[in-house]
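Novice: below: sequence and its predicted model.
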Amino acid sequence: MDITTVKEIFYRNKNYTFYHGCPFDRGMADSYYERPKIPNKLSYESNKYLYEESMTKEEIENYYAGYDYNEMMGSKKQ
């Protein structure tokens, strides 16, 4: 998936629009690979990951929602 591929998920009574590298997507990926919950997102300007201190409150909430969504779905790398 790239930034031009946008998807939506309805979770916890909220629509989440996400794309590769956004906080919701990164939360799902961290859960999938069984990494710890450390909010992050991909910066397309610098091509680097940004962490909690560089994220808005909404982005951090979206990261946790993505992580929790994937945990609920049970999708894990084998």
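Specialist: That came in fine, so what should we check first? Numbers count the residues shown, from 1 in each chain.

Novice: where does the chain dip in pLDDT?
Specialist: Applying pLDDT under 70 to the chain flags the ranges 1-3.

Novice: quick check: the most centrally placed residue in it vs residue 78, distance?
Specialist: In the chain, the centroid-proximal residue (Cα atoms, centre = their mean) is residue 24; its distance is 2.4 Å. For residue 24, the distance to residue 78 equals 23 Å [Cβ to Cβ, to the nearest Å]. The C-beta positions use only the backbone N, C-alpha and C, and glycine is treated the same way.

Novice: tell me if I'm right that residue 30 and residue 49 touch.
Specialist: No: the pair residue 30 and residue 49 does not pass the contact test of Cβ atoms under 8 Å, sitting 10.9 Å apart.

Novice: these two: which has the busier surroundings?
Specialist: residue 30 (19 against 13; other Cβ atoms under 10 Å).

Novice: excluding covalently adjacent residues, which one is nearest to that one?
Specialist: Nearest residue to residue 30, sequence neighbours excluded (Cβ to Cβ, 6 or more residues apart in numbering): residue 67, at 5.9 Å.

Novice: check contacts around that neighbour.
Specialist: Residue 67 makes contact with 27, 28, 30, 31, 37, according to Cβ atoms under 8 Å, 6 or more residues apart in numbering.

Novice: is it fair to say it lies in a helix?
Specialist: Yes: looking at residue 67 with DSSP: H, G, I helix; E, B strand; the rest coil, it is inside a helix.

Novice: and the gap between it and residue 38?
Specialist: 10 Å.

Novice: if anything else comes up later, I'll come back, but that's it for now.
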